[in-house]
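> Okay, sequence plus prediction incoming.
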Amino acid sequence: MELQIGIILAIMVVAYAVAKWKKLSVELSMLVSAVVGGVAGAFIKTPPVNTLARHLIEGSFTYLDVILVFTTATIFMAIVSESGGVNYVVRATIKYFYNLRIIALILLMFIILIPGALTGAGSVSLLVVGAPTALALGYLGIPKKKVAAILFIVAGLSAAAPPVNIWAMILCAGTAIPYVGFELPLGIPVLLLGIFTMLTLGWKKEGTMDKQKALEDMPEVPEKMTWWRVLLPFLVFFGLVIAYRIWPFDMPILGLPLQFVIAALVALLVSPKKINILVLSRDTVKRLLPLLATIAVVGSLQQIMTATGVRGLLSFTVISIPLLLLYISLIFIIPISEGVLTYGAAAILGIPLIWYFDSIGLHATVVIAGLTLLWPLGDGLPPTALIGRLSVMVSDYKDSYWSFLKSTWLPWIVITMVGILMVIYSAKLSFLVRWSM
Amino acid sequence: MSRTWTIKIILIIIFIAIMIQSGVQFYMHRHYQLEHLAGPGVTRVEKLSKYCKGLEGTMADTHVFWLEGKEEGGKMLMIANTHSNEPAALLTALIFLENAVIEKGTLIIIPQFNNSGSRGTRPGDGYPLYFEIPTEWGSKKFRMGNRDATPLEQWPDPDVYIHYPDKQLLSYLDIRNTNRTWPGRPNGALMEKVTFAAMEILRNEKVDLALDVHGAETMFPVTNCIVAPERSVRIATMATLVVKAREGFDNHVEPSPQGFRGLSHREIADFSDSLPFLLEAPIPFLDQPTGPKTEKLLLDGKDPFLLSLSKQQKLFVPYDETGWPMEKRVGQHCSVIQEIANQFSRKNAERAILIKNVPRYADVVTNGVGFYFHDPAKWTKDKIYLN
């Protein structure tokens, strides 16, 4: 059986490579790989050929919620941007904080961290506050490449930050470990690493633009735009998120997509200029389509990998690595698994890893916290590169994707070291869990 | 027509064709009716919605079977398919339902507790839609379900699930997991209503023993065991010792964690007078490092990757070339359930629960699970309940 599964894996890799060579997009190449892998598996009835279509369709629903959040959040932000709200915020940031660089950088870091920390999705941070933050960073004299790098790393940290860390929640749900005690093991490294990232990538000012010139260069904002018009839609969105936290048993469960739709409607109502919502929504979805297609296809690929046994083979290979080598290989395995499977990686590799580490005396909660610092890094890696692509999109960086990714090297290495050390020394760091409870 | 448009139209036709084919398969799966044969011990059948009106008319509603003895005694509730992808529980419940005769006390069985979960699939995990158990009269076909209720019944999920009443934060998925929504509430999410209804049975009917039957991965430390809170530990320990001594299989006791909320054994202990037990039997199918997720793996539990991991001592149960077949898992559940009732009855003669005509471990291993299922074609029609 092992040989057969190995052959199917090789066929899937070759199919992906050929599709890319034929210049198909990432999402189509992944679909080709999934279909070819499924057909190869069907020769030995894993899966039976009459279930192949069902597996492809069923898999594409794996991340339906993520697709809905991406769509509604992007339309929300598109309305805010079209109404002039984004430019209004950026102008104000430059006006008041241009000469207080360190405060401006840390303030912007918190602005990126909060939406992701509350929702568990770095993508929400980027979709909601990514564009105005990118512009503000740009006017602070930071080149677009580094702006994209800052957004990518800090948005990733926001997803790992407490109170909501989806990787940790998936792992806790799968390993029957309570999702408690994560505040300090996650909060402290996220804040320190966030500040480190902002300072290393954003401290150096490039260019000679002064405050007055920056303000003159900025796009005009509609005359009637005011603070309350900008803030009200955000207050409604965060109000709904926080209200459920405060009154969980009285509030109806709206879900993030509906919360974004409500906030979008408010943004539309308070916009000082008339917006054609149908045209705006159509253009936004068109822009998002490659990303949405990637998320759908990742689910199909994941399902085919499971039905053929490829997923099990990969999981088995990781679990079988000797301990010392395993610690070292986590540096690569965790981000790459996220790049291929997104959140599925936490279930496929994370759950057996946690059980294994727990059985050799490591502290499971700290191990989970450490690993969840590494997973967001994989959101910059192909084939999916969800957060990386969003970072490039909202910061309007036009050069090659790899040059952006290379610029993240320093925070990437530091975050990796912190994550791995947290895993290795988890037992000694268990006091952080106790202090959190 | 340009070449591009021709390709697009062909792709659209292919897409529609596979959508229709898989859509029909999903519809058939969701609406496939499993026959529950009410055996000689069944005295009445109710719906769970009797105990929580909010369940009425929903896919979350399910049958509650009452097996009442001639002589009054204690009461035991058996819940199966809390997780519908752990089918040994359902098979065990159906063996009891079709065969058990109660001499004293009452046995209450809910064979498909998370009915919604049993009517959905698990996207991304590549499960088969059905599995079949061979019997002497053909084979009995079952839906393979999901761990959680389907979003068709309960949606949307919150961004984080806040457990009632402790306010502990849990994964957003767990709001559809009927082993995280205990003790439930009558006006909560649908799965909170399901667990609330079960709590109402326990409280109103003064049930003595509450058994939640499950399966767990071989790599999961809490497997092949009885999970019990403090006050159930003595009976659980006695049951494991007796089955080990008399029937030769291992089964240990795991304490119910104080700080982990929403679990049946934790919340039943804290919010009722019943003694809760959660039974886990190994299910290799659910382990991550396995070969293809086939019906065969589900039934025989044989996997080369797990065998190799066992040699590396990375599993929490003994594992060899024979795997962990369904007969072994169901047999263990049958014996452990009866032994828990025995141990309770020994110490509480007034409230004794005496169950007869249910096979033990060795019987199920020898005869197979299907041996204990009866032919619906030869069964009294008004004693067949579709679920």
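Cool, the structure landed. Numbers count the residues shown, from 1 in each chain, chains lettered A, B, ... in the order given.
> After the helix or strand harbouring residue B:364, which helix or strand is next? Please name it.
Secondary structure from DSSP states H and E places residue B:364 in helix B:361-367. Sequence order places strand B:384-386 as the next helix or strand after helix B:361-367, per DSSP H and E.
> list the helices and strands that following strand packs on?
strand B:35-37 (3 or more Cβ pairs under 8 Å, 6 or more residues apart in numbering or on different chains; DSSP states H and E). Placement of C-beta: from N, CA and C, glycine included.
> Mind listing the strands the following helix or strand past the strand it packs on pairs with, and their directions?
The C-terminal neighbour of strand B:35-37 among helices and strands, as given by DSSP H and E, is strand B:44-47. Sheet pairing of strand B:44-47 (DSSP bridges) gives strand B:63-68 (antiparallel).
> what's the following helix or strand past the partner strand in contact with?
Next helix or strand after strand B:63-68 toward the C-terminus (DSSP H and E): strand B:71-79. Defining contact as Cβ atoms under 8 Å, 6 or more residues apart in numbering or on different chains, one finds that strand B:71-79 is touched by B:93, B:96, B:103-110, B:113, B:198, B:201-202, B:205-213, B:264, B:274, B:337, B:341, B:344-345, B:348, B:350-354.
> So how do I select the buried members of these in PyMOL?
Entered in PyMOL, the line below selects the buried ones among the contacts of strand B:71-79, by 16 or more other Cβ atoms under 10 Å in any protein chain shown:
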select buried, chain B and resi 93+96+104+105+106+107+108+109+110+113+198+201+202+207+208+209+210+211+212+213+264+274+337+341+344+345+348+351+352+353+354
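> For the helix or strand containing residue B:278, name the packing helices and strands.
Following DSSP H and E, one finds residue B:278 within strand B:275-282. Other helices and strands packing on strand B:275-282, by 3+ Cβ pairs under 8 Å, 6+ apart, are strand B:209-216, strand B:225-228, helix B:233-242, helix B:264-271, helix B:326-347.
> what's the closest non-adjacent residue to residue B:283?
residue B:215 (3.5 Å; Cβ to Cβ, 6 or more residues apart in numbering or on different chains).
> what's the one you found in contact with, if anything?
So, once contact is read as Cβ under 8 Å, 6+ apart, residue B:215 ends up touching B:83, B:86-89, B:280-283, B:286, B:329.
> for residue A:130, same thing?
A:77, A:112, A:151, A:155, A:390-391, A:394-395.
> Pull up the per-residue confidence for the one residue in chain B that gets nearest to chain A.
For chain B, the residue closest to chain A is residue B:156, as judged by Cβ to the nearest Cβ, at 2.7 Å. Listed pLDDT for residue B:156 reads 96.
> Quick check: residues of the stretch 1-150 of chain B near chain A?
Residues of the stretch 1-150 of chain B lying close to chain A by Cβ under 8 Å from any Cβ of the partner chain are B:17-19, B:21-23, B:25-26, B:121, B:123-126, B:128-129.
> Partner strands of the lowest-mean-pLDDT helix or strand in chain B, with direction?
Least confident helix or strand, chain B: strand B:169-170 with a mean of 86, by mean pLDDT, DSSP states H and E. Here strand B:169-170 has these sheet partners by DSSP bridges: strand B:161-162 (antiparallel).
> distance between the partner strand and the chain's centre?
23 Å (Cα atoms, centre = their mean, to the nearest Å).
> returning to that earlier point: in the helix holding residue B:364, which of the residues would be classed as buried?
Going by 16+ other Cβ under 10 Å, helix B:361-367 has these buried residues: B:361, B:363-365.
> low-confidence ranges in chain A?
A:208-209, A:437 (pLDDT under 70).
> Point me to the residue of it nearest chain B.
For chain A, Cβ to the nearest Cβ, closest residue to chain B: residue A:255, 2.7 Å.
> what about the nearest residue to that residue once chain neighbours are set aside, which SS state?
Leaving aside its sequence neighbours, residue A:255 sits nearest to residue B:156 (Cβ to Cβ, 6+ apart; 2.7 Å). Three-state call for residue B:156 (DSSP: H, G, I helix; E, B strand; the rest coil): coil.
> mind saving the C-alpha coords of stretch B:84-101 as PDB?
Below are the C-alpha coordinates for stretch B:84-101, written out as PDB (Å, rounded to 0.1, in the frame of the first residue of the first chain):
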ATOM      1  CA  SER B  84     -21.700  10.100  14.100                       C
ATOM      2  CA  ASN B  85     -18.200   9.200  12.700                       C
ATOM      3  CA  GLU B  86     -17.600   6.800  15.600                       C
ATOM      4  CA  PRO B  87     -20.000   4.000  14.400                       C
ATOM      5  CA  ALA B  88     -19.200   1.300  17.000                       C
ATOM      6  CA  ALA B  89     -21.400   3.200  19.400                       C
ATOM      7  CA  LEU B  90     -24.400   3.100  17.100                       C
ATOM      8  CA  LEU B  91     -23.900  -0.600  16.400                       C
ATOM      9  CA  THR B  92     -23.700  -1.300  20.100                       C
ATOM     10  CA  ALA B  93     -26.900   0.600  20.800                       C
ATOM     11  CA  LEU B  94     -28.700  -1.300  18.100                       C
ATOM     12  CA  ILE B  95     -27.600  -4.600  19.500                       C
ATOM     13  CA  PHE B  96     -29.100  -3.600  22.800                       C
ATOM     14  CA  LEU B  97     -32.200  -2.200  21.100                       C
ATOM     15  CA  GLU B  98     -32.900  -5.300  19.100                       C
ATOM     16  CA  ASN B  99     -32.000  -7.900  21.700                       C
ATOM     17  CA  ALA B 100     -32.100  -6.700  25.300                       C
ATOM     18  CA  VAL B 101     -34.600  -7.900  27.800                       C
END
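> starting at the chain centroid, how far to it?
8 Å.
> Quick one: the helices in the stretch 101-250 of chain A, in order.
Using DSSP state H, counting those that start in this stretch, the helices of the stretch 101-250 of chain A run over residues A:101-119, A:122-125, A:131-139, A:144-160, A:166-175, A:183-202, A:211-217, A:227-246.
> Serialize those helices to CSV and add fields for mean neighbour count and distance to chain B.
Conversion of the helices of the stretch 101-250 of chain A to CSV gives the following (neighbours: other Cβ atoms under 10 Å in any protein chain shown; distance: least, Cβ to the nearest Cβ, whole Å):
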stretch, mean neighbour count, distance to chain B
helix A:101-119, 20, 5
helix A:122-125, 29, 9
helix A:131-139, 25, 21
helix A:144-160, 29, 12
helix A:166-175, 24, 4
helix A:183-202, 21, 10
helix A:211-217, 12, 36
helix A:227-246, 17, 6
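> Same list, those, but as a markdown table with distance to residue B:383 please.
Formatted as a markdown table, these follow (distance: least, Cβ to Cβ, whole Å):
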| stretch | distance to residue B:383 |
| --- | --- |
| helix A:101-119 | 51 |
| helix A:122-125 | 53 |
| helix A:131-139 | 65 |
| helix A:144-160 | 54 |
| helix A:166-175 | 39 |
| helix A:183-202 | 55 |
| helix A:211-217 | 82 |
| helix A:227-246 | 46 |
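> I'd guessed residue A:34 sits against residue A:296; true?
No. Using Cβ atoms under 8 Å, residue A:34 makes no contact with residue A:296, being 10.7 Å away.
> Tell me which of these two has more neighbours.
Ranked by neighbour count (other Cβ atoms under 10 Å in any protein chain shown), residue A:34 and residue A:296 place residue A:34 first, with 28 against 21.
> ok, back up a step: what about the next helix-or-strand element following the strand holding residue B:278, near chain A?
Remark: after strand B:275-282, the chain's next helix or strand is helix B:295-300, criterion DSSP H and E. No. Using Cβ under 8 Å from any Cβ, helix B:295-300 stays clear of chain A, with a minimum separation of 9.5 Å.
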